[in-house]
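1. predicted model and sequence below, questions to follow.
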Amino acid sequence: MEYCCNKMNAYATEKNTLIDYDNYIRSFMFFVDSPNGTHEHMNYCPWCGSHLPEELTEKWISLLKKNFGIEDPFREWDRVPSEFKTDEWWKKRGL
């Protein structure tokens with residue numbers, strides 16, 4: 001993954017930071033109270049101001065429900081096909 005600036009790269013790739021990137025839903029988020037607690041989706045880089053790529057949670061859920069009958073992929077993680085546990089699914093579909 002290429003990040004918009006060096007600061008985003010450093011924070012998004014370090015372990016135990018308050019910023020995370022989930023590649024399977026293309027979501028950048030910052031944690032409000034701890035790395036395992038409340039989080040908020042980020043639309044812009046807090047350092048350089050670049051607009052971040054579209055977050056894909058709704059499309060991910062919709063495809064899993066439509067194609068695999070998975071109603072809640074977060075609770076049925078073991079039923080989610082491996083392609084949908086990485087960025088492979090959205091890259092294959094040109095998203």
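-> Received the coordinates, thanks. Numbering: from 1, shown residues only.
2. does the residue nearest to Pro46 when sequence neighbours are not counted have beta-bridge partners, and which?
-> Distances taken as Cβ to Cβ, 6 or more residues apart in numbering put Phe30 closest to Pro46, at 7.7 Å, once the chain neighbours are dropped. Using the backbone N, CA and C atoms, a C-beta is placed for each residue, glycine as well. Judged by DSSP bridges, the bridge partners of Phe30 are Ile19, Glu40.
3. ok, Phe30 - contacts?
-> Leu18, Ile19, Asp20, His39, Glu40, Met42, Pro46 (Cβ atoms under 8 Å, 6 or more residues apart in numbering).
4. over to Trp47?
-> Contact analysis of Trp47 by Cβ under 8 Å, 6+ apart lists Cys5, Lys7, Met8.
5. from His39, how far off is the residue lying farthest from the centre of the chain?
-> Distance from the C-alpha centroid of the chain peaks at Gly69, with 21.6 Å (Cα atoms, centre = their mean). For Gly69, the distance to His39 equals 28 Å [Cβ to Cβ, to the nearest Å].
6. rewinding a little: among the contacts of Trp47, show me the least confident.
-> Minimum pLDDT across the contacts of Trp47 is recorded for Met8, with 87.
7. could you list the buried residues of whichever strand or helix holds that one?
-> Using DSSP states H and E, the element containing Met8 is helix 6-13. The neighbour-count check on helix 6-13 (16 or more other Cβ atoms under 10 Å) flags Met8, Tyr11, Ala12 as buried.
8. find the nearest non-adjacent residue to Ser50, please.
-> Among residues not flanking Ser50 along the chain, Cys4 sits closest, at 3.8 Å (Cβ to Cβ, 6+ apart).
9. cool, and Asp22?
-> Per Cβ to Cβ, 6+ apart, closest to Asp22 is Met29, 7.5 Å.
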